[in-house]
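Asker: Quick one, what's the 3D model for this:
(one chain, ligands or ions: 1)
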Amino acid sequence: MNKTVLIKNAHIVTVNRQMEVFKGDILVSGKHISAVSRQIDWQADEVFDAEGYIITPGFVQTHIHLCQVLFRNLADDLSLLEWLKEKIWPFEAAHTEQSIRVSARLGIAELFLSGTTTIMDMGTVRHQEAVFQELAEAGMRAVAGKTMMDFGEYPPGLQETTAASIDTSLRLLEKWHGFDEDRLQYAFAPRFALSCSEDLMRQTAKLAREHNVLFHTHASENKDEAELIRQRFGVSNIRLFETIGAANENLCLAHCVWSDENDRQLLKETDIKVLHCPSANLKLGSGIAPIPDYLKREITVSLGADGAPCNNNLNIFQEMRLAALIQKPLAGARTMPAEQVFRMGTINGARTLGMEDKIGSIEPDKRADLTFIKINQVHAIPFDNIYSKLVYSTQAADVQHVMIDGKWVVRDRILQTINETGLPDAVQKQIQMLNI
Ligand SMILES: [Zn+2]
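Answerer: Numbers count the residues shown, from 1 in each chain. The predicted model follows:
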């Protein structure tokens, strides 16, 4: 028998087709939502009084680097290619299995405490197994994959051959794709075109099609990067994916800051997904992605905090707020209204990951991934316009409880699956041991 939880008296932001918001009840049965309505009477195993809370779908962030969370606050004030060469690649090369484990745990803890329940993670070249184990144990929903890099000059810890990169990816896919009734899924994750051979990208595109999994990479983030790619391949970064046979609905491109008309047509025609990371684009000085134009063309755009060293948080509320604000000086104050941005952090993320039928809204038969937010915080009242409240004035610390697959992962701001008390010491110890 499935355990049932009856959640009463909540302000429910459903994100269903009609975008209904009402005060009512949610019945959770096992991993699923079995009913949502104004009043449910049911003899449940647990009754939870949610008076004073807004319940939203668990937030979805489609571009995260859990392995970089340990390097938070250690790589400021650099542009993308310097940031990678001087800081991030040497740091990632120094990582041990244990330091990656602590980095992932720290990231998941922060994501849970700020209401994110699903991520797509760009992993690590080595020890990706440790990231999967941490995701599995913590109870997070994730699409993750080992980072692939077989071209260019890197510290020894990051060098790998094309064959080894693909073999390791396939072994991980075999082991983790579909884990815990699909809570964890695999995505191929070539880092970006500058760090990959054309052979690797072509083979990966073919394998992603054969296994029907996502192809997750970075594209057109920075002007210099885009120019180097054009010099090497003779086409734009986004058109390159058409050349290598990867341009389809399973292709997820982080950033797409620098794109021309021709690129945008391809994004639309082939249903490529854009992963927008406003904080990272600002902090690395990359630019402002033309998101209002993508949305006008009905290209699917979702949100991600990217890596902690280029943000420096993994907080969806910050990303939603910035996604709206940075466009307004360019496209006018009416652009990117709060409701549209809120959809980017929920249902658009679900659509990006091919999980629109499972997550991203509060509806019967979807998975019970729920974020409970305190209503009466002084910095966020009144709340008559609920999307304004959620996008512009809610803070991460207003998240009080979080549920994934019907299980509590945060209760009264206490992590249920991670030992938070031990984290600061574990983090400091790993930083010292890496000696970076
Ligand atoms: Zn990234």
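Asker: Which residue is the nearest non-sequential neighbour of Ser79?
Answerer: Gly285 (5.2 Å; CB to CB, 6 or more residues apart in numbering). C-beta here means a position set from N, CA and C on the backbone, and glycine is covered the same way.
Asker: did I read that right, that neighbour in a strand?
Answerer: No. Counting by DSSP: H, G, I helix; E, B strand; the rest coil, Gly285 is not part of a strand but coil.
Asker: That one against Asp77, yeah?
Answerer: No. Counting by CB atoms under 8 Å, Gly285 stays clear of Asp77, with 9.0 Å between them.
Asker: So for the two, which residue has more residues nearby?
Answerer: A count of neighbours by other CB atoms under 10 Å puts Gly285 above the other of Gly285 and Asp77, at 13 against 9.
Asker: so how far is Gln231 from that one?
Answerer: As for Gly285, its distance to Gln231 is 21 Å (criterion: CB to CB, to the nearest Å).
Asker: what's next to the longest helix seen in the chain, contact-wise?
Answerer: Using DSSP state H, we find that the single longest helix of the chain is helix 97-113. With CB atoms under 8 Å, 6 or more residues apart in numbering as the test, helix 97-113 has contacts from 61, 64, 66-71, 95, 119, 124, 127, 129-131, 133-135, 138, 140, 308, 313-315, 396-397, 399, 402, 409-410, 413, 415, 418, 420, 423, 426-427, 430, 433-434.
Asker: how about the CA coordinates for that helix, as PDB?
Answerer: Taking C-alpha atoms only, helix 97-113 is exported to PDB below (Å, rounded to 0.1, in the frame of the first residue of the first chain):
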ATOM      1  CA  GLU A  97      36.300  11.300  -5.700                       C
ATOM      2  CA  GLN A  98      35.800  12.500  -2.100                       C
ATOM      3  CA  SER A  99      35.900  16.200  -2.900                       C
ATOM      4  CA  ILE A 100      33.400  15.700  -5.800                       C
ATOM      5  CA  ARG A 101      31.100  13.900  -3.400                       C
ATOM      6  CA  VAL A 102      31.200  16.800  -0.900                       C
ATOM      7  CA  SER A 103      30.800  19.400  -3.700                       C
ATOM      8  CA  ALA A 104      27.700  17.600  -5.000                       C
ATOM      9  CA  ARG A 105      26.200  17.200  -1.500                       C
ATOM     10  CA  LEU A 106      26.700  20.900  -0.800                       C
ATOM     11  CA  GLY A 107      25.000  21.800  -4.100                       C
ATOM     12  CA  ILE A 108      22.100  19.500  -3.500                       C
ATOM     13  CA  ALA A 109      21.700  20.900   0.000                       C
ATOM     14  CA  GLU A 110      21.500  24.500  -1.300                       C
ATOM     15  CA  LEU A 111      19.100  23.500  -4.100                       C
ATOM     16  CA  PHE A 112      16.700  21.700  -1.700                       C
ATOM     17  CA  LEU A 113      16.700  24.600   0.800                       C
END
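Asker: give me the element Thr62 is part of.
Answerer: Per DSSP states H and E: Thr62 is located in strand 59-64.
Asker: Pull out the buried positions in the following helix or strand past that strand.
Answerer: The helix or strand immediately downstream of strand 59-64 is helix 80-82, counting by DSSP H and E. For helix 80-82, a neighbour-count test (16 or more other CB atoms under 10 Å) marks Leu80 as buried.
Asker: Wait, a helix at Val409?
Answerer: No. Per three-state DSSP, Val409 lies outside any helix segment and is strand.
Asker: Around it, how many other residues sit close by?
Answerer: 24.
Asker: Which pLDDT value goes with it?
Answerer: Looking at Val409, its pLDDT stands at 98.
Asker: That one reaches Val399, doesn't it?
Answerer: No. Val409 lies out of contact with Val399 (CB under 8 Å); the separation is 11.1 Å.
Asker: any weak-confidence spans in the stretch 151-300 of the chain?
Answerer: The stretch 151-300 of the chain contains no residues with pLDDT under 70.
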